[in-house]
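Chemist: What would the 3D arrangement of this be:
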Amino acid sequence: MNNVKSDFPILSRKINGQPLVYLDNAATTQKPRQVIEVIRDYYENHNANVHRGIHTLGDESTRMYQRAREKVADFVGASDPNELVFVRNTTEGINLVAYAWGMANVGKGDVIVTTEMEHHSNLVPWQELAKRVGARVEYVAVNQEGELDLDSLEKKLELKPKLLALVHVSNFLGTINPVKKIATLAKKNGTKVLIDGAQAVPQMPVNVSELGCDFYAFSGHKMYGPMGIGGLWVKREVLEEMQPFMTGGGTISEVHTVGTVFAGLPDRFDAGTPNVAGAVGLAAAVEYLEKIGMQNVRAHEKELTAYAVKKLKSIKSIRIYGPRNLEERGGLVAFSVEGIHAHDVAQVLDDEGIAVRSGHHCTMPMHEKLGLAATVRASFGIYNTKEEVDKLIEGLGKVKKVFHG
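Modeler: Sure thing, here's the model as predicted:
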């Protein structure tokens, strides 16, 4: 990872006169020059609408879009690129499932199971679906170690839910859930399984074909790709039964005044002009990560997280949240500083050029369970170093001086 940082132009910036230390990767990652240049090349040399013409630029754009789908699908272990639907982000992917699958398969009296640690994007859509169809949402408990209570999970699965929706890696606790084991348990009752992979795909090898799930959603901007593009993988037999989430141009095979015949997979889910540049940029990000190797990415973030946890534990006024077992933790650490609000901590750190996230991280139910209004989160990427963790610790020392003298 030694030469990686030079690939990211923004990391040469100074913030408040200090070198930028970017520790907000769980929110979004920075983009390497290789991704930026591919997007620029697309707009400068190939830009045209896809599937709508036979001219040279249209053909080039269409081929680039198709190749991008193949590249991204292969990266997450899809057996067929047509199982991958391009979406704007994880949130849109989950909402697509809620509407295109949920409205047709979840009805009055049915149960949807999710967990207390979910990001709002994997919680609110199920609450809204339940209200619309008369179903109910049940929550798997999380213990004080930040791990799913498997006894609670088994009790919820006894309700024979139509869907189990859970996060692969928590964006607050950092917990890596045993999703393959959980999917196996859920399948015994015929429950469909959706996994929010927004934090997992950038950090570790993921093979959706081996996890046993039916839906897997992820975002490009969290894996060094552009904003506005992401992926929803759906098992083919499930996807074939789903009707379009949005309709119109691009989703059709034939349109007549008496009705419409929708296109095959995956075109029926590509309403309107797709984000071709985003898809091409995401494919470039995938190639960038593949050159590094996802096992190496995981090892690097694991090492940094262990180092950060050790350093933070040495500060008496800091409380760390999430699993103690670092084998079960992704590349982030959420913490609080006694007597100082998270936003104040983040503001002082920003004065030192250190970017962290403060707030409830779109996990209000989990924060409420722990009696917290907000926490500070430092999340790591491939370009971060132990020296930057040391700067974070120095910055926290200045936080204490500002507020406690």
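Chemist: if I look at the residue nearest to residue 284 when sequence neighbours are not counted, how far off is residue 32?
Modeler: Nearest non-adjacent residue to residue 284, counting by C-beta to C-beta, 6 or more residues apart in numbering: residue 38, 4.0 Å away. C-betas here are computed from N, CA, C, even on glycine. Relative to residue 32, residue 38 is positioned 10 Å away (C-beta to C-beta, to the nearest Å).
Chemist: Same check on residue 258?
Modeler: Counting by C-beta to C-beta, the gap from residue 258 to residue 32 is 51 Å.
Chemist: Let me know whether residue 189 touches residue 157 as I believe.
Modeler: Yes - between residue 189 and residue 157 there is a contact under C-beta atoms under 8 Å: 5.8 Å.
Chemist: quick one: which of residue 258 and residue 32 has more around it?
Modeler: Neighbour totals were compared for residue 258 and residue 32, and residue 32 leads with 25 against 5 (other C-beta atoms under 10 Å).
Chemist: Tell me the spacing between the more buried one and residue 23.
Modeler: Remark: distance between residue 32 and residue 23 (C-beta to C-beta) = 18 Å.
Chemist: Repeat that for residue 170.
Modeler: To residue 23, residue 170 is 17 Å away according to C-beta to C-beta.
Chemist: Return the alpha-carbon coordinates of whatever helix or strand the residue nearest to residue 284 lives in using CSV.
Modeler: Using DSSP states H and E, residue 38 maps to helix 33-45. This file holds the C-alpha atoms of helix 33-45, laid out as CSV (Å, rounded to 0.1, in the frame of the first residue of the first chain):
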residue,chain,number,x,y,z
ARG,A,33,-6.6,9.2,-10.7
GLN,A,34,-7.2,6.0,-12.7
VAL,A,35,-11.0,6.3,-12.1
ILE,A,36,-11.1,10.0,-12.7
GLU,A,37,-9.2,9.7,-16.0
VAL,A,38,-11.5,6.9,-17.3
ILE,A,39,-14.6,9.0,-16.6
ARG,A,40,-13.0,12.0,-18.4
ASP,A,41,-12.0,9.8,-21.3
TYR,A,42,-15.6,8.6,-21.6
TYR,A,43,-17.0,12.1,-21.8
GLU,A,44,-14.3,13.4,-24.1
ASN,A,45,-14.2,10.5,-26.6
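Chemist: Give the closest residue to residue 58 in space, chain neighbours not counted.
Modeler: residue 48 (4.5 Å).
Chemist: show me what contacts the one you found?
Modeler: Listed by C-beta atoms under 8 Å, 6 or more residues apart in numbering, the contact partners of residue 48 are 55, 57, 58, 60, 61.
Chemist: ditto for residue 16
Modeler: Neighbour list for residue 16: 350, 351, 352, 353 [criterion: C-beta under 8 Å, 6+ apart].
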